[in-house]
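Peer 1: quick one: sequence plus predicted model below, questions after.
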Amino acid sequence: MKQVTIIGTGLVGGSLALALKKHAPQLRLIGCDREPVLEQARSAGAIDAGFTGAEQSVKDSDLVVLATPVGSIIDLIERIGPVAPSHSLITDVGSTKSEIMARAKDVFGAEAAHRFLPGHPMAGKEHGGIEHAEAELFTGAAWLLTPYAEQDLNSGAIREYLQLLNQIGARVLPIDPAQHDRICAWVSHLPQMLSTALASTLVEELANDSDANAIGGRALREMTRIAQSPYSMWRDVALTNTQNIQDALLRVEQKLAHIRENLRTRELEEEFERANQFRKS
């Protein structure tokens with residue numbers, strides 16, 4: 001590979017660009033975003049050139065990474081699929097996979113397994129934007145892949161891309177798409193919704209209490225840290241993984257009700273003991 005286009009040079013896309021600059025300096029990196037974002041990416045040394053038009057940005061690139069929200073990824077597949085070089089590999093970093101893969105199958109048909117590799121790095125921060133990007137964001141992080149049934153991860157461009165992921169320190173883990181969306185609902189999407197619910201409730205209950213922030217300690221800060229994430233980062237996740245998130249929320253609602261009803265019984269002790277096992281494992 002000689003040239004890589006990253007569409008969306010915010011936190012994840014910008015961090016990927018910085019990581020590739022550090023670990024694969026031979027690559028020419030093209031960014032695609034709004035002009036103010038591209039200017040920041042240039043200033044940070046993340047990209048060699050930038051375009052505001054997606055179709056123009058993919059010209060002559062061997063690898064195209066879609067690093068935008070899920071809804072935009074679905075739209076971009078349809079827009080750039082017909083104009084990207086026939087030899088180029090297109091991949092994404094979307095937090096849900098089923099709808100993205102379905103759209104790629106519609107666009108590429110029988111060639112989907114050769115043209116599109118679905119991916120999802122399990123790395124991020126509560127704040128987005130190129131200003132928070134860092135070259136080591138993916139070091140030690142799992143980079144999930146949800147390949148099509150007929151997709152060969154050891155072939156040509158896919159093999160080269162996986163080598164790049166290894167070079168930037170990511171741990172590549174293939175997983176079934178449906179299993180990906182279910183597990184991510186539990187380990188990623190649910191924690192966000194719980195943190196958001198807690199912080200929102202605290203605003204409603206304690207917003208006028210001047211002592212609340214002074215009294216709240218580390219536990220409160222840890223529990224509400226990711227509640228700072230903007231809705232724009234999570235809207236498409238909720239829209240494209242609704243059922244799995246609903247199932248997870250319902251299960252936690254049931255657990256909370258059980259705890260509420262057993263605050264004065266030994267059932268509460270059993271819940272604490274069961275919870276302690278999670279971190280131990």
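Peer 2: Yes, it's here.
Peer 1: when you work out contacts or count neighbours from here on, use the C-alpha atoms and nothing else.
Peer 2: Noted.
Peer 1: gap between residue 226 and residue 107?
Peer 2: For residue 226, the distance to residue 107 equals 35 Å [CA to CA, to the nearest Å].
Peer 1: strands along this protein, start to end?
Peer 2: Counting by DSSP state E, the segments of the chain that form strands are 3-7, 28-32, 49-51, 63-66, 89-92, 116-117, 119-121, 142-145, 171-174.
Peer 1: which of the ones you listed sits closest to residue 134?
Peer 2: With CA to CA as the measure, strand 119-121 is the member of those nearest residue 134 (14.2 Å).
Peer 1: just checking: what are the partner strands of that closest one?
Peer 2: strand 142-145 (antiparallel) (DSSP bridges).
Peer 1: would you mark the buried spots in the strand it pairs with?
Peer 2: 142-145 (16 or more other CA atoms under 10 Å).
Peer 1: go on, stretch 95-111?
Peer 2: Buried-residue list, stretch 95-111, by 16+ other CA under 10 Å: 95-98, 100-101, 103-105, 107-108.
Peer 1: quick one: mean pLDDT over that stretch.
Peer 2: Mean per-residue pLDDT for stretch 95-111: 96.
Peer 1: show me how far that stretch is from its chain's centre.
Peer 2: Relative to its parent chain, stretch 95-111 has a centroid offset of 17 Å by CA atoms, centre = their mean, to the nearest Å.
Peer 1: again, but for stretch 59-79
Peer 2: Relative to the centre of its chain, stretch 59-79 is centred 14 Å away, using CA atoms, centre = their mean.
Peer 1: what does that stretch contact?
Peer 2: 1-10, 12-13, 54-55, 58, 83-85, 87-96, 99-100, 103-104, 107, 161, 233, 236-237 (CA atoms under 8 Å, 6 or more residues apart in numbering).
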